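# here you go, sequence then predicted model.
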Amino acid sequence: MTTIPRSRQASVFRLDLVLVFSAMLAASIGVVMVYTATRGNLLAQGFDPHYFLKRQALFVLLGLFAMAVLTLFDYRRFEQLGTAIYILLVLSLVGVLAVGSSAHGSARWFNVGPLQIEPSEFAVLGLVVAVGTYCARREEGLTWTDVIKVLALGAVPILLVMKQPDLGTAIIMLIVLLVMLAVAGLPARILLLLVVGIFVAGVLALKVGLLHQYQLARLTSFLHPNSRQASIQPAIYNVQQSKIAIGSGGLWGKGLLHGTQTNLGYVPFEQTDFIFSAVGEQLGFVGSTLVLSVLGIVGWRILRAAQLSRDTFGRLLCAGIFTFFAYSVFQNVGMNTGIMPVTGIPLPFISYGGSASLVFFAGVGIALSVYARRAG
């Protein structure tokens with residue numbers, strides 16, 4: 001277990017302002033995009049057109065508070081709390097299956113006042129802390145026994161998330177786990193064996209019917225964009241409408257609140273899963289590139305914090321957070337443009353949602369804590 005000498009506790013605190021302001025800028029863009037993606041539908045139904053705007057602004061404020069708290073919190077203390085955090089995340093995932101709120105066949109949320117808390121989002125960060133804690137204590141290197149223990153450690157929350165079912169988040173957790181093992185120094189040959197084993201397990205899961213039909217349809221719909229098969233038509237329709245919206249934006253976009261697809265609500269779940277279609281239609285190729293550039297800066301600074309970390313634990317934390325963030329961006333944009341499966345992954349800081357906002361701001365806060373104490 002890592003101990004924190006008094007001299008280190010009194011280290012000079014240095015903040016990565018580039019990361020802070022890029023995250024804030026991305027979240028501000030997200031508030032605007034959520035408003036433009038929902039205003040038309042709300043007006044058509046006679047509801048307050050600012051409903052989602054006000055909620056998303058509240059989520060961002062809560063996220064900024066979480067980021068500030070975690071920036072001030074010494075990340076090295078998470079190693080002492082790793083076991084407790086892991087137990088809490090498992091209990092929360094079990095609890096949401098037992099008493100959580102359900103929608104569209106999924107049990108994923110706890111209702112807390114005006115907020116819906118989605119434990120699976122927080123489970124990714126919890127897994128990062130738990131795996132980082134275990135691997136950081138194996139300074140002599142990971143043995144096969146350690147690998148088996150880490151896989152078992154990750155399997156419990158991953159299987160619970162799949163049970164909800166939330167296949168997209170489970171896939172992210174698995175990718176994060178593999179990347180953290182690689183960063184922890186796992187030999188390439190063992191990592192390759194794990195990847196092959198996971199691939200074989202995935203094929204077997206398909207063969208024996210462990211995945212729901214709609215999950216299989218979502219995973220394969222992008223491979224058959226012109227299929228007339230009824231089971232994959234909903235996923236194909238969503239992507240088709242998203243691609244139409246993005247394509248109609250052209251180079252410069254139609255302007256805020258002037259997107260036909262966006263205003264008329266042709267793209268389902270546009271404020272969440274398909275928010276990038278609203279970005280593409282209204283801001284065009286140039287605006288979309290700028291938005292992705294801002295997100296790229298956030299990812300770069302998180303990765304920079306990993307490179308400058310003073311210890312293995314900080315490096316593992318930032319590597320896991322970077323993987324979570326970067327893959328979420330890639331998956332969401334790929335889903336919106338038809339090159340990746342539809343898995344319901346939000347676009348960090350841009351998509352509507354309280355849990356997602358809190359989790360990504362929390363991740364940035366942890367990275368800021370690592371960066372600030374890099375030379376304490």
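Noted; the coordinates are in hand. Residues are numbered from 1 along each chain as shown.
# go ahead and confirm Glu270 touches Gly259.
No: applying CB atoms under 8 Å as the test, Glu270 and Gly259 come out as separate, 9.8 Å apart. Quick note: C-beta positions are derived from backbone N, CA and C, even for glycine.
# so between the two, which is more surrounded?
Counted by other CB atoms under 10 Å, Glu270 and Gly259 do not tie: Glu270 has more neighbours, with 31 against 27.
# low-scoring stretches of the stretch 201-350 of the chain, by residue?
Along the stretch 201-350 of the chain, segments meeting pLDDT under 70 span 205-232.
# and the strands in it, which stretches?
Under the criterion DSSP state E, counting those that start in this stretch, the stretch 201-350 of the chain contains no strands.
# quick one, helices of it?
For the stretch 201-350 of the chain, the helices defined by DSSP state H, counting those that start in this stretch cover 213-221, 233-248, 260-263, 275-308, 312-337.
# how about the contacts made by the most centrally placed residue in the chain?
Most central in the chain under CA atoms, centre = their mean is Ser328, positioned 4.8 Å from the mean C-alpha point. Applying CB atoms under 8 Å, 6 or more residues apart in numbering to Ser328 gives the contacts Ile172, Ile345, Pro346, Leu347, Pro348.
# between all of those residues, which two are separated the most?
Spanning the widest gap among those are Ile172 and Leu347, at 13.3 Å by CB to CB.
# more crowded one of the two?
Using other CB under 10 Å, the more surrounded residue of Ile172 and Leu347 is Leu347, with 28 against 25.
# I'd like the distance between the nearest residue to that one once chain neighbours are set aside and Gly202.
Nearest residue to Leu347, sequence neighbours excluded (CB to CB, 6 or more residues apart in numbering): Asn332, at 4.1 Å. To Gly202, Asn332 is 21 Å away according to CB to CB, to the nearest Å.
# what of Leu89?
24 Å.
# who's more crowded, those two?
Leu89 (23 against 15).
# the helix or strand containing the more buried one - contacts with which helices or strands?
Element membership for Leu89 (DSSP states H and E) is helix 77-99. Using 3 or more CB pairs under 8 Å, 6 or more residues apart in numbering; DSSP states H and E, the elements in contact with helix 77-99 are strand 106-112, helix 119-136, helix 144-163, helix 312-337.
# between helix 144-163 and it, find me the angle.
With axes from the mean of the first three to the mean of the last three CA atoms, to 10 degrees defining the directions, helix 77-99 sits at 40 degrees from helix 144-163.
# need the CA coordinates for helix 77-99. PDB is fine.
Taking Å, rounded to 0.1, in the frame of the first residue of the first chain, the C-alpha atoms of helix 77-99 are listed here in PDB:
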ATOM      1  CA  ARG A  77      -5.500   8.000  -1.300                       C
ATOM      2  CA  PHE A  78      -7.600   6.100  -3.900                       C
ATOM      3  CA  GLU A  79      -5.200   3.200  -3.500                       C
ATOM      4  CA  GLN A  80      -6.100   2.900   0.100                       C
ATOM      5  CA  LEU A  81      -9.800   3.000  -0.800                       C
ATOM      6  CA  GLY A  82      -9.600   0.700  -3.800                       C
ATOM      7  CA  THR A  83     -11.200  -2.300  -2.100                       C
ATOM      8  CA  ALA A  84     -14.000  -0.300  -0.600                       C
ATOM      9  CA  ILE A  85     -14.700   1.400  -4.000                       C
ATOM     10  CA  TYR A  86     -14.800  -2.000  -5.700                       C
ATOM     11  CA  ILE A  87     -17.300  -3.400  -3.100                       C
ATOM     12  CA  LEU A  88     -19.500  -0.300  -3.400                       C
ATOM     13  CA  LEU A  89     -19.600  -0.600  -7.200                       C
ATOM     14  CA  VAL A  90     -20.600  -4.300  -7.100                       C
ATOM     15  CA  LEU A  91     -23.300  -3.600  -4.500                       C
ATOM     16  CA  SER A  92     -24.700  -0.700  -6.600                       C
ATOM     17  CA  LEU A  93     -24.800  -2.900  -9.700                       C
ATOM     18  CA  VAL A  94     -26.600  -5.600  -7.800                       C
ATOM     19  CA  GLY A  95     -28.900  -3.000  -6.300                       C
ATOM     20  CA  VAL A  96     -30.000  -1.500  -9.600                       C
ATOM     21  CA  LEU A  97     -30.900  -5.000 -10.800                       C
ATOM     22  CA  ALA A  98     -33.000  -5.500  -7.700                       C
ATOM     23  CA  VAL A  99     -34.700  -2.200  -7.100                       C
END
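# pLDDT (mean, whole number) over that helix?
For helix 77-99, mean pLDDT rounds to 88.
# so where's the stretch 1-150 of the chain shaky on pLDDT?
1-13, 99-115.
# 50 instead?
6-12 (pLDDT under 50).
# double-check Asp146 against Glu140; I have them as touching.
No: with contact defined as CB under 8 Å, Asp146 does not reach Glu140; the gap is 9.8 Å.
# higher neighbour count, the two?
Using other CB under 10 Å, the more surrounded residue of Asp146 and Glu140 is Asp146, with 18 against 8.
# and for that one, nearest residue in space, chain neighbours not counted?
Per CB to CB, 6+ apart, closest to Asp146 is Arg138, 5.6 Å.
# try Met340
Excluding its sequence neighbours, the residue lying closest to Met340 (CB to CB, 6+ apart) is Gly334, at 3.0 Å.
# roughly how far apart are that neighbour and Thr38?
Gly334 is 23 Å from Thr38, by CB to CB.
# who's more crowded, these two?
Neighbour count, other CB under 10 Å: between Gly334 and Thr38, Thr38 has more, with 24 against 17.
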